[in-house]
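Asks: This is a predicted model, with the sequence first.
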Amino acid sequence: MAPPPLANELWYEICAFLPLEAIRNLSSADHDFHVLVRPLGFSEYHVVPHSHLYIPPPEHLERASQRLDFYSSPEIAPRVRACIAKVPDRLLHPRQSSADGAPTALMRTFYDRLAVFTRLQRLEFSNIRMTQKGLNSVCTLPALTHLSFDLCSFERWEDVTGIKIPLRVASLTANESQSLLAPLSQIMSPDTLEELHFGNLAALTAEKVGPFPHLHTLKVLDDIFYSEAEALDVLANFPAVRTCCIKYNGMLGDLTADAAAVIFPDLQKYAGNYLNLNLFHLRPALSHITLFPLAPSLRFEELIFELGDVDALPNITSFKAQFEAYDFGFPEVCRLLTLLPHLSELRLRLTSDLMDGHGFVLLDPVFLLESISAQGILPLTLQTFSIVYDAVPLKLMNPAWDSMDFGAIRNRFQERCPDLAYFYVNVHHFSFLWWKNDPVWEITTRSRGDTTLLESKLLEYRKARMADSILNADDLYYS
């Protein structure tokens, strides 16, 4: 059956909504369909260059060059939507990243041909040393929206002043690519940027870039502000931020109320240090709080002290945190649920730096869950509940826990919370998962190996669902 008489460009737009498997099936329908949709099967191109410390066999170089020729051909190049350029770990010297050496001939050719990928939307570099020519070619891509650098570098002698076209992307990530921050700050356009994941914001300050009127998601890993005034000047450049993931460990609590109000006034999701929570916890739009894991572990009373005289945060619907396990029991849970009366998601991770448990009695997790379910303190709005005990010393394990009926506890949770859809308990070598997915999942494990396997499967599943989340790693920690 030949395809109906439509222009090829219309067919390409229609088929762009199909999954890859459907495109493959369509290409097998007959010869005409095969010729029509064949280019759509190559929407993602993986460039695999080699490290300057590793010289691959000639046939490998020839194969990589042939792939580049194929993907950059007039028939295929306009159909490529995503490109990943990564030096595999197996080709790296154990003490050196390929980003530390000169770009290979393959990458130089790739930079020269980037301009032909006129519909490229997502471009990722990993273990690559960028050049002025490479950045200039990236800036010329008209459809590019997502750009990511991981473990990449940019040599000091490279000059970006010759790049006349600004980098107009919606999402920009530079992870562990410190030498790239200043060049990227010089060429990126604040007008188009909506998501920014940077190692620190010092480069933006030095280049006097900003403000960023449309940036709604900000993730900063290791900023060091020398004064509260400097921090205020930098963070005030992001007036529209709604999702903030900032690992700055300093305290900004001495800012006046008027000064603090300038920082992220419309914040909806906060992930960061509990010491800075007092800046944002009364924001009227704030609904999600994720507290970063700390060493030593955060004691619950420290969080309560930081919040001061606040009795309740009724707007918070999602709360994720790690607490010290040895002093987190039923009274602390009651206080937490009183503080957050309208939760729909609660994920807790309880751990301790006191690995041997000497001199301490671990608060019984089974007793804790039974008390929570029996006392009627759970929010009626709760949909997700997860509690994971990390680093529980074996000599503190209670053999009776293995015989507990966690399904019955989950039923009591659901009687109180009719919308409950996710219930997960993990205590060292046993775990219980109930997930109202499609279909409903209910799994009980009673060995460390099975529990570890379940954790890995949950991680894989959530990674797949959260691939575009800038808070990915931090959310996954509390899964």
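Replies: Received, thanks.

Asks: how many neighbours does residue 209 have?
Replies: 19 (other CB atoms under 10 Å). For the C-beta atoms, the positions are set from N, CA and C on the backbone; glycine is no exception.

Asks: Same check on the one 3 residues further on?
Replies: For residue 212, the neighbour count with other CB under 10 Å is 22.

Asks: For the stretch 51-200 of the chain, which segments count as helices?
Replies: Using DSSP state H, counting those that start in this stretch, the helices found in the stretch 51-200 of the chain span residues 58-71, 105-113, 132-139, 178-187.

Asks: Format the ones you listed as TSV; extra columns: mean pLDDT and distance to residue 405.
Replies: Shown next, in TSV, are these (pLDDT from 0 to 100; distance: least, CB to CB, whole Å):
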stretch	mean pLDDT	distance to residue 405
helix 58-71	84	56
helix 105-113	89	59
helix 132-139	92	57
helix 178-187	86	52
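
Asks: Distance to residue 331 and mean neighbour count added to those helices, as a markdown table?
Replies: Putting the helices of the stretch 51-200 of the chain into a markdown table (distance: least, CB to CB, whole Å; neighbours: other CB atoms under 10 Å) gives the following:
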| stretch | distance to residue 331 | mean neighbour count |
| --- | --- | --- |
| helix 58-71 | 61 | 13 |
| helix 105-113 | 59 | 17 |
| helix 132-139 | 55 | 20 |
| helix 178-187 | 45 | 20 |
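
Asks: So which of these is nearest residue 150?
Replies: For the helices of the stretch 51-200 of the chain, proximity to residue 150 was assessed by CB to CB; helix 178-187 is nearest, at 10.4 Å.

Asks: elements contacting that closest one?
Replies: Under the contact definition 3 or more CB pairs under 8 Å, 6 or more residues apart in numbering; DSSP states H and E, helix 178-187 sits against helix 132-139, strand 153-154, strand 171-175, helix 202-206.

Asks: Any chance of JSON lines for the ones you listed, columns distance to residue 438?
Replies: Putting the helices and strands packed on helix 178-187 into JSON lines (distance: least, CB to CB, whole Å) gives the following:
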{"stretch": "helix 132-139", "distance to residue 438": "40"}
{"stretch": "strand 153-154", "distance to residue 438": "45"}
{"stretch": "strand 171-175", "distance to residue 438": "30"}
{"stretch": "helix 202-206", "distance to residue 438": "44"}
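
Asks: of the ones you listed, which approaches residue 183 most closely?
Replies: Comparing the helices and strands packed on helix 178-187 by CB to CB, strand 153-154 comes nearest, at 5.2 Å.

Asks: What strand or helix carries residue 331?
Replies: In the assignment (DSSP states H and E), residue 331 maps to helix 330-339.

Asks: now do residue 258
Replies: Using DSSP H and E, the element containing residue 258 is helix 257-261.

Asks: list the buried ones in that helix?
Replies: Residues residue 260 are the ones in helix 257-261 that count as buried (16 or more other CB atoms under 10 Å).

Asks: so how far is the first helix or strand past that helix going along the chain off the chain centroid?
Replies: Later in the chain than helix 257-261, the nearest helix or strand by DSSP H and E is strand 269-272. In terms of CA atoms, centre = their mean, to the nearest Å, the centre of strand 269-272 is found 12 Å from the chain centre.

Asks: What pairs with strand 269-272, parallel or antiparallel?
Replies: strand 243-246 (parallel), strand 288-291 (parallel) (DSSP bridges).

Asks: what's the average pLDDT for stretch 330-345?
Replies: Per-residue pLDDT over stretch 330-345 has a mean of 93.

Asks: what's the pLDDT at residue 209?
Replies: 72.

Asks: how much space is there between it and residue 190?
Replies: Computed as CB to CB, to the nearest Å, the residue 209 to residue 190 distance reads 6 Å.

Asks: Likewise for residue 276?
Replies: Distance of residue 276 to residue 190, given as CB to CB: 24 Å.

Asks: Of these two, give the one with the bigger neighbour count.
Replies: When residue 276 and residue 190 are compared for neighbours, residue 276 comes out ahead with 22 against 18, by other CB under 10 Å.

Asks: measure the more buried one to residue 151 for me?
Replies: According to CB to CB, residue 276 and residue 151 sit 28 Å apart.

Asks: pLDDT averaged over stretch 368-379, what's the number?
Replies: On average, stretch 368-379 scores 87.

Asks: Identify the residues contacting it?
Replies: With contact meaning CB atoms under 8 Å, 6 or more residues apart in numbering, stretch 368-379 is reached by 329-330, 333-334, 337-338, 340-344, 387, 406, 409, 412-413, 416-417, 425.

Asks: Can you select the buried ones among these for me in PyMOL?
Replies: To isolate the buried members of those in PyMOL, using 16+ other CB under 10 Å:
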select buried, resi 329+330+333+337+340+343+344+387+406+409+412+413+416+417+425
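
Asks: low pLDDT regions in the stretch 101-250 of the chain?
Replies: Scanning the stretch 101-250 of the chain for pLDDT under 70 picks out 101-103, 205-208, 222-227, 248-250.

Asks: same thing but 80
Replies: 101-104, 155-162, 199-210, 221-234, 246-250 (pLDDT under 80).

Asks: Report whether residue 230 is found in a helix, as I expect.
Replies: Yes: under DSSP: H, G, I helix; E, B strand; the rest coil, residue 230 falls within a helix.

Asks: Is there a neighbour count for it? I'd like the number.
Replies: Per other CB under 10 Å, the neighbour tally for residue 230 reads 15.

Asks: what about it, distance to residue 214?
Replies: From residue 230 to residue 214 the distance is 24 Å (CB to CB).

Asks: Any chance of the helices of the stretch 51-200 of the chain in CSV with distance to residue 43 as columns?
Replies: Shown next, in CSV, are the helices of the stretch 51-200 of the chain (distance: least, CB to CB, whole Å):
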stretch, distance to residue 43
helix 58-71, 10
helix 105-113, 17
helix 132-139, 19
helix 178-187, 26
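
Asks: who wins for proximity to residue 159 among these?
Replies: Among those, helix 132-139 comes nearest to residue 159, with 5.9 Å by CB to CB.

Asks: which other helices and strands contact the closest one?
Replies: Applying 3+ CB pairs under 8 Å, 6+ apart, we find helix 132-139 packed against helix 105-113, helix 178-187.

Asks: Just checking the distance from the longest one to the centre of its chain.
Replies: Here the centre of mass of C-alpha atoms in helix 178-187, compared against the chain's by CA atoms, centre = their mean, lies 21 Å away.
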